[in-house]
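Peer 1: Any chance you can model this:
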Amino acid sequence: MLSLITLLIFLTVAVTTATFQTVLPLTQANFDTTLKQTELEHPNSLFLLEFYAPWCGHCKKLQPVLDSIAANPEIAINIGKIDCTKESALKARFSVKGYPTVLWYRNGDHGEFEGARTEEGIKEFVDQMTQTPVKFMADFSLEKLKELSGSSQIITFVSSFNETSRTGVEFSDQARKHQAGVNLFLRIENNDASDQIFGTENRHKGRILAKIELDEKPVLMGVPSPTNTVESFIVENQFPLVSELMSSNFRKLGAVPDKSLYVTAIDWSNPDDSNSQLGNTKELARAGKHSDRFVYGYIDGGRWGKFLEQFGVFDLPATFVLEMEAKKYFPFPKIVSDDESEQNRRVRTVAEQEEFLGKVKAGEIDRLDQINGNGGGLVGAIKSVWAGVLNNLPYSLVIIVVVVGFLGWSLWLLFEDDGYADLVDEVAEGEESKKDK
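Peer 2: Model prediction:
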């Protein structure tokens, strides 16, 4: 049976409706009053907020989608839009860096909308947000969990605490705050399968609160304390060991406080090297030596090749450290060796990566400027070439010397006075003299 708390949560979520039937322009003057009044009149009201600029092409493309969603009374979400060319205070308040930025907002909590920016994608998001945030699984087993999550990129937080206990209530609160993401929150009863998966130690009064990532060892929270809360545990463990980087999560992973993003770029057209590199990066992440400073992610370089050029990445696989807010990156040093095959080796060992991250932390690796733009045009081409030069030192220096030398030799041949010019002039003058005679 559902407890009274769970029933109340279910009812308040289920009756949520859209208040406005049009996209509502929001300004600094009406933003807080509009959202607070809506929440008072309609608890748990869900908003989708578009931060845009009038000149933005992607914003114009999104507008009909938002208009259609807002006009549909069966979709329980309110749509608001903020013109960032006029509302600089709201732009700064929500740390808007590009257009359009789409955020969800509910009961004071907000986050980036990670779904597809289509009518279907927004409908799926609304359905997700109107469900109970914590699911219950009877007869818990790893096989059932695999069927439920279906992906190693989805984290499942599992709790066997009573839902009315302090830890159980905190777990439900965090599930609600993180409901817009892809992770699952699951309540279970202890059984033989849970004992086998989690063990019987490191529990609090026999109860479990854990992170499960498929194909990885579960992480248990242990005994709650002022420094080990449900919130801190979930925030610290909300990402996979090595996340697949996509447009929906890239900003979020790059914005983790006090951490930089360690990016592994792979090319699935070369599965052997890609799997080797990804495996080495995962082993590095499991060791946890640098987890205090870095978040780990991998990206499909075959698909996002142009994007990677702004970090000096042209050959795959490759790795680098990104400081997203500062628009800086640390390139992985080239291998210096007399062995040509070693020089061309792209897969980095666990030890090499560990040493690289240690040097980044110690400030021993050059910190380079990210090249803005998509690499198009003459300026983008020049910047891309320059990034390639910087990231391929000292070999690029040798190439530059050879190229400059060849150009100089060519110019010397073109303009050198080797005596033939005088001879031609004399012959021409002789021919003209004969004509005069």
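Peer 1: could you give the mean pLDDT of the helix or strand harbouring Leu40?
Peer 2: Leu40 is located in helix 31-41, with elements delineated by DSSP states H and E. Predicted confidence along helix 31-41 averages 92 (mean pLDDT).
Peer 1: where do the helices sit along the stretch 201-350 of the chain?
Peer 2: Taking DSSP state H, counting those that start in this stretch as the criterion, the stretch 201-350 of the chain contains helices spanning 230-236, 250-254, 271-287, 305-308, 340-343, 350-361.
Peer 1: Who are the contact partners of Phe198?
Peer 2: The contact partners of Phe198, taken as CB atoms under 8 Å, 6 or more residues apart in numbering, are 208, 210, 218, 220. The way it works is simple: take the backbone N, C-alpha and C, and place the C-beta from them, glycine included.
Peer 1: between these, which is nearest Val96?
Peer 2: Proximity of the contacts of Phe198 to Val96, judged by CB to CB, is greatest for Ala210, which lies at 35.7 Å.
Peer 1: is it possible to export the helices of the stretch 201-350 of the chain to TSV including mean neighbour count, distance to Ala138 and mean pLDDT?
Peer 2: What follows is the helices of the stretch 201-350 of the chain, written out as TSV (neighbours: other CB atoms under 10 Å; distance: least, CB to CB, whole Å; pLDDT from 0 to 100):
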stretch	mean neighbour count	distance to Ala138	mean pLDDT
helix 230-236	17	23	94
helix 250-254	17	33	89
helix 271-287	18	32	96
helix 305-308	16	45	92
helix 340-343	9	56	79
helix 350-361	17	41	96
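Peer 1: can you tell me which of these comes nearest to Tyr262?
Peer 2: If you check each of the helices of the stretch 201-350 of the chain against Tyr262 by CB to CB, helix 350-361 wins as the nearest, at 6.8 Å.
Peer 1: contact partners of the closest one?
Peer 2: By CB under 8 Å, 6+ apart, the surrounding residues in contact with helix 350-361 are 260, 262, 280-281, 283-284, 287, 289-290, 293-294, 319, 321, 330, 332-333, 348, 365.
Peer 1: what angle do it and helix 271-287 make?
Peer 2: Interaxial angle, helix 350-361 versus helix 271-287 (axes from the mean of the first three to the mean of the last three CA atoms, to 10 degrees): 60 degrees.
Peer 1: mind showing which ranges of this protein have poor pLDDT?
Peer 2: Applying pLDDT under 70 to the predicted model, the residue ranges of the chain that meet it are 1-19, 202, 372-398, 401-437.
Peer 1: Give me the most central residue, it.
Peer 2: When the chain is reduced to its mean C-alpha position, the closest residue under CA atoms, centre = their mean turns out to be Phe250, at 1.4 Å.
Peer 1: what sits against Gly199?
Peer 2: Contact analysis of Gly199 by CB under 8 Å, 6+ apart lists Leu220.
Peer 1: any idea how far it is from Ser172?
Peer 2: According to CB to CB, to the nearest Å, Gly199 and Ser172 sit 25 Å apart.
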